[in-house]
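> Generate a structure from the sequence data that follows.
(chains A and B, ligands or ions: 4)
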Amino acid sequence: MTQKLIVIGAGMATGRALEHLFEADADYDVTLFNAEPRGNYNRIMLSPVLAGDKTYQEIITHDAEWYDANGVTCRFGERIAKIDPVAKTVTAENGDVLSYDKLLFGTGSNPFMIPLPGHDLEGVIAYRDLEDTQQMMALGPDNKVVVIGGGLLGLEAAAGMAARGVDVTVVHIMGHLMERQLDEAAGYLLRKALIDKGITVRCQANSKEILGENGQVKALLLDDGTELPCDLLVMAVGIRPNVKLAQDCGLAVGKGIHVDDQMVTSDPDILAVGECVEHDRAIFGLVAPLYDQATVAAKTLMQQEATFVQKELSTKLKVTGCDLFSAGDFADAEGREDIVFRDPARGVYRRLVIEKDVVIGAVMYGDTADSNWFFGLIRDKTDISEMRDTLIFGPAYQGGTPMDPLAAVAALPRDAEICGCNGICKGQIEDAIADGATDLGAVRAVTKASGSCGTCTGLVEQVLAVTLGDDFVIPAAQSICGCTDMTHEDVRRLIKSRALKSMPAVWQECGWKTSCGCHVCRPALNFYLLADWPLEYADDPQSRFINERKHANIQKDGTFSVVPRMWGGITTPDELRAIADAADKYMVPTVKVTGGQRIDLLGVKGEDLPNIWKDLNDAGMVSGYAYSKGLRTVKTCVGTDHCRFGTQDSTGLGIKLEKTLHGSWTPHKLKLGVSGCPRNCAEATCKDIGVVCVDSGYQISIGGAAGMDVKETEFLIQVATEDESIDVIKAVTQAYRENAKYLDRIYKWIGKVGLEWVKEQIEDLTIRQALVDRFELSQSVYRVDPWAEHVRKAETYQPIANLTLEAAE
Amino acid sequence: MTDWIDVAALDDIAPRGARLVKTRMGCVALFRTADDAVFALDNACPHKQGPLAEGIVHGKAVTCPLHNWVISLETGLVQGNDEGQVATYPARVADGRVLLDAGFIRARSAA
Ligand SMILES: Cc1cc2nc3c(=O)[nH]c(=O)nc-3n(C[C@H](O)[C@H](O)[C@H](O)COP(=O)(O)OP(=O)(O)OC[C@H]3O[C@@H](n4cnc5c(N)ncnc54)[C@H](O)[C@@H]3O)c2cc1C
Ligand code: SF4
Ligand code: SF4
Ligand code: FES
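Ligands and ions are numbered 1, 2, ... in the order given. Model prediction:
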């Protein structure tokens, strides 16, 4: 006997289920309800419709004829309002009551709208159906749109509208786009491609309020006060399974409608498929698994056996020119290895995550031609141990012998370009070698090859190796750490020449071999980026050693020491009292005078830090950076004020210097000394920068040390006025910040660049002034009291939870 | 079945950061990685009891702030040439909340 099947929702999942039923001639009389005023269409093709690559007609999957031929009663534009599972009836919106033998849920999901103030204004929409798409298609070059959400949907909406000339800004709360599918490196490339399409991208942007006028959206206001004007605001921040109807009629519902492996809900006559279901704790937002569910549901309805099994999923973005692919699990973890391939020039990035000789995750950007092959390896859990060496290059390289890089260079023709920046080809380098150049430096000097950005250095060395044979050994330069083959110097040069302004940018463009660096390279990169781009780059506390992250020195027992700044070593009875009070109040076990004329409070408990800072702050003292790679102290002698030998006001100069330089980050610690006469009581000539005052002015010398190495400073310059001496010191500090390798003290840096070079920078007044200006620019951001800032987030110094009571239960 | 206790919001821990949870038997460190996984470990390095919560988190490892031993957040095992292991406890994230295994807390209070 023909049974009655009522289907709720004409979506992608139910469309597929019906196809299976009719293909198998199942004996069902079907009534299809859909809240949208139309039948089944391919929802995922809305993006090409928006972009103008397809029309709505082209994405209809089932037309009137098809419904007709299969005897489907269509009730489009009608919502089902109620279900009575006992009487086995449904009630349509208009009150019609229909009975069923079997019911199939396919209600999909509802777009999630962040409940920001103003979210109900006219012109605030989601991206879900044809109506939304049409609203976006109605816009043109005079319109501005803000899209909240940098995930798949948000970006497709943004790209589609940008293709119509609309001014689009994407606002994303996370640090990089599509963070659930992409790692930081791929997210960086994607962002670059979208910016090229004219889309403005704002990551780490927190929406605060939607502003309107006469009930119509006008702008989006961000946390930081930025206002982004817009005529339409698209929210694409996620979806929630549409379960209201199921809940109301008493079906078991979690995040979605609970179904078993046969797609049957808690009621044996009701099935569910698609985004509205929850199967084995998972919910679904992509089509592939929904189609599997549809197949299973159709079989179940025909009393055949079938089981739904969750499979690996992959994601692609349907935006022309942004080829990306991600699948599986690509998080870093114990026992997992990464194979990363980056081709900065072509903007290609590939990363495979391997566990026990099986690929478990893949992220690709730029060249995704082989993604299906990689996806197959993930799905089939193929053992890749045999092809590991060439795996990352894709299927074309399997079976062949791996290329020897030197053979590849040897095979290059004479007119093959080696150095792109300077347009030098292989032949010119060979000629230079024939004329007697035997190492990289000589080739560079003669041809300029690899002299600019330096990325081709390896290639030039290979040409040398091929041409000279055994006479040339490729030098193994010290790389920063295991994450890269590049030296500190190479990376610094690239950060400047290519204007790299974020860590993911460096990782990608410099070909990092790990996904996100390590404790060795991250602090170095963090410093380089902030030194070169003080205004654009945001300091990353998580890439700092604890002393700098907490602005306190960690001790061997995990307690901290706190050193309030005493400008130029000068203090007052009030300050001393405040220090003594703080020491009492926080039970500081040791109070010690440091080698840099400061008072060190040793043994402060981590959670007390914000409090002790606050007390010291209130007494007028700021942090001492006594533990940072930055300016620590300026040691002074008493100078003219009290000493009978003093020639200049050394204490005053020390105070001035400390006030200008404090807060500045440097490659390594920076200590200064100022003595009032050549008797040098402040021991200024074993500091990084020392000033010895003389009758005729100020002798400035640099590169001293009194730590693991003991070194006397070298004379840099003598100047007549105090102001000029301050300028010189700012300029030297800036030159050191801009050029030195992280963790090189000044004396090591001078050993590399030569004192003469530093002198040239200082003696040329134009260069000196430019250095001073850049130093001041950076200090406009960094001359702050970190203590005061940290006091404001004091709660992060406390335990996040206290479970001592729980335990008592 | 595991009984999970909600201890905090994920956002209370900075990405690549750590926070402490107080228990009767001392503090346990909760780490959050760049990809938002959360791990709970004793806050003491096997070398000289360095406070791991103050270290630099990279990948799924933390580098001890005292002498740079690198410890796996997943297994607690010391990486590289050094040897040792830190106790780890079940932790997970659900709906933006950080959950700890209640059994672990009981174990730590019974001890
Ligand atoms: C713009 C866009 C692009 C996408 N791109 C991709 C992609 O590239 N790849 C991919 O895999 N996935 C993509 N998706 C996701 C994919 O479209 C969905 O996963 C899929 O459509 C879900 O199918 P479904 O049948 O569960 O629900 P839907 O297709 O959403 O259908 C549900 C239907 O039920 C109706 N309904 C709801 N309640 C009732 C009721 N009470 N009575 C009657 N009818 C009701 C709704 O009106 C709706 O028409 C995209 C989604 C969108 C919006
Ligand atoms: S350095 Fe000269 S001026 Fe300064 S205290 Fe010593 S003797 Fe006096
Ligand atoms: S000299 Fe060595 S032991 Fe003394 S404080 Fe400095 S680092 Fe510690
Ligand atoms: S205490 Fe952790 S490395 Fe020494």
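> From now on I want contacts and neighbour counts done on CA atoms only, so please keep to that.
Will do.
> tell me which element residue A:5 falls in.
strand A:3-8 (DSSP states H and E).
> Flag every buried residue along that strand.
Buried positions in strand A:3-8, judged by neighbour count with 16 or more other CA atoms under 10 Å in any protein chain shown: A:4-8.
> Give me the residues contacting that strand.
Applying CA atoms under 8 Å, 6 or more residues apart in numbering or on different chains, the contact partners of strand A:3-8 are A:14, A:27-34, A:80, A:99-107.
> So which of these are in strands?
A:28-34, A:80, A:99, A:102-105 (DSSP state E).
> List the beta-bridge partners for residue 32.
In the absence of a named chain, chain A is used. residue A:7, residue A:74 (DSSP bridges).
> Chain B, not that one
residue B:17, residue B:38.
> okay, now it: neighbour count?
Residues lying near residue B:32 (other CA atoms under 10 Å in any protein chain shown) number 26.
> so what's it scoring on pLDDT?
pLDDT, residue B:32: 95.
> you'd agree it is up against residue B:20?
No - between residue B:32 and residue B:20 there is no contact under CA atoms under 8 Å: 11.6 Å.
> quick one on the thing from earlier: run the angle between the strand holding residue A:5 and strand A:28-34 for me.
Between strand A:3-8 and strand A:28-34, the angle comes out at 10 degrees (axes from the mean of the first three to the mean of the last three CA atoms, to 10 degrees).
> Quick one: distance of strand A:3-8 to the chain centre.
Centroid separation for strand A:3-8 versus its chain: 49 Å, with CA atoms, centre = their mean, to the nearest Å.
> now it: mean pLDDT?
96.
> Check stretch A:375-391 too.
84.
> Ok, stretch A:352-366 next?
The model assigns stretch A:352-366 a mean pLDDT of 88.
> Establish whether that stretch and chain B are in contact.
No - shown here: stretch A:352-366 not in contact with chain B (CA under 8 Å from any CA of the partner chain), separated by at least 12.6 Å.
> can you pull the contacts of residue 37?
No chain in the question, so chain A it is. Residue A:37 sits in contact with A:76-78, where contact means CA under 8 Å, 6+ apart.
> Let me rephrase: I mean chain B.
B:92-93.
> ok, so what distance separates it from residue A:215?
42 Å (CA to CA, to the nearest Å).
> same question, residue A:745
61 Å.
> and if you look at residue A:658?
Taking CA to CA, one finds residue A:658 at 55 Å from residue A:215.
> since we're on the closest residue to residue A:279 other than its chain neighbours, how many residues are nearby?
Computed as CA to CA, 6 or more residues apart in numbering or on different chains, the closest residue to residue A:279 that is not its neighbour in sequence is residue A:259, at 5.6 Å. The tally of other residues near residue A:259 (other CA under 10 Å) stands at 22.
> Wait, residue A:259 touches residue A:271, no?
Yes - between residue A:259 and residue A:271 a contact is recorded at 7.5 Å, counting by CA under 8 Å.
> Identify the contacts common to these two.
Among the neighbours of residue A:259, those also in contact with residue A:271 (CA under 8 Å, 6+ apart) are residue A:265.
> re earlier: please flag which of the contacts of residue A:37 sit within strands.
Using DSSP E, these in strands are residue A:76.
> per-residue pLDDT, the residue nearest to residue A:279?
96.
> Next, please give the residue ranges for the strands of chain B.
B:4-9, B:17-23, B:26-32, B:38-42, B:56-58, B:61-63, B:70-72, B:88-89, B:91-94, B:97-101.
> Dihedrals phi and psi, residue A:362?
Backbone torsions of residue A:362, given as degrees, to the nearest 10, read phi -150, psi 140.
> ignore the last one, residue A:801
Dihedral pair for residue A:801: phi -150, psi 150, per degrees, to the nearest 10.
> Look at it and say how many residues are nearby.
15.
> With residue B:11 as the reference, measure out to it.
14 Å.
> Can I get the one helix or strand residue A:132 maps to in CSV? Just the C-alpha atoms.
Assigned by DSSP H and E, residue A:132 belongs to helix A:130-137. The C-alpha coordinates for helix A:130-137 follow below in CSV (Å, rounded to 0.1, in the frame of the first residue of the first chain):
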residue,chain,number,x,y,z
LEU,A,130,18.3,33.6,-2.5
GLU,A,131,16.6,36.7,-0.9
ASP,A,132,19.9,37.5,0.9
THR,A,133,21.8,37.0,-2.3
GLN,A,134,19.5,39.3,-4.2
GLN,A,135,19.9,42.0,-1.7
MET,A,136,23.6,41.9,-2.2
MET,A,137,23.3,41.7,-5.9
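> Average pLDDT for that helix, rounded please.
On average, helix A:130-137 scores 94.
> In it, which residues are buried?
Buried, per 16+ other CA under 10 Å, within helix A:130-137: A:130, A:132-133, A:136-137.
> Near chain A, which residues of chain B are found?
So chain B meets chain A at B:7-8, B:12, B:15-17, B:19-24, B:35, B:49-51, B:54-60, B:63, B:65-66, B:72, B:74-75, B:105-106, B:108-109 (CA under 8 Å from any CA).
> three-state assignment of residue A:484?
Assigned by DSSP: H, G, I helix; E, B strand; the rest coil, the conformation of residue A:484 is coil.
> Surely it and residue A:511 touch.
Yes - counting by CA under 8 Å, residue A:511 is a contact partner of residue A:484 at 7.0 Å.
> Show me where the stretch 251-400 of chain A dips below the pLDDT cut-off.
For the stretch 251-400 of chain A, the stretches with pLDDT under 70 are A:331-333, A:398-400.
> Please, where are all the strands along it?
For the stretch 251-400 of chain A, applying DSSP state E, counting those that start in this stretch gives strands covering A:257-258, A:270-272, A:277-279, A:282-283, A:314-316, A:324-328, A:336-343, A:348-355, A:358-365.
> I'd like those strands as JSON lines, with mean neighbour count and distance to ligand 2 appended.
Shown next, in JSON lines, are these (neighbours: other CA atoms under 10 Å in any protein chain shown; distance: least, CA to the nearest ligand atom, whole Å):
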{"stretch": "strand A:257-258", "mean neighbour count": "27", "distance to ligand 2": "82"}
{"stretch": "strand A:270-272", "mean neighbour count": "27", "distance to ligand 2": "87"}
{"stretch": "strand A:277-279", "mean neighbour count": "26", "distance to ligand 2": "78"}
{"stretch": "strand A:282-283", "mean neighbour count": "16", "distance to ligand 2": "74"}
{"stretch": "strand A:314-316", "mean neighbour count": "16", "distance to ligand 2": "70"}
{"stretch": "strand A:324-328", "mean neighbour count": "25", "distance to ligand 2": "66"}
{"stretch": "strand A:336-343", "mean neighbour count": "18", "distance to ligand 2": "57"}
{"stretch": "strand A:348-355", "mean neighbour count": "22", "distance to ligand 2": "59"}
{"stretch": "strand A:358-365", "mean neighbour count": "25", "distance to ligand 2": "63"}
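> Make a markdown table from the ones you listed and add distance to ligand 4 to it.
As requested, these are exported to a markdown table (distance: least, CA to the nearest ligand atom, whole Å):
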| stretch | distance to ligand 4 |
| --- | --- |
| strand A:257-258 | 47 |
| strand A:270-272 | 53 |
| strand A:277-279 | 44 |
| strand A:282-283 | 39 |
| strand A:314-316 | 40 |
| strand A:324-328 | 34 |
| strand A:336-343 | 23 |
| strand A:348-355 | 28 |
| strand A:358-365 | 32 |
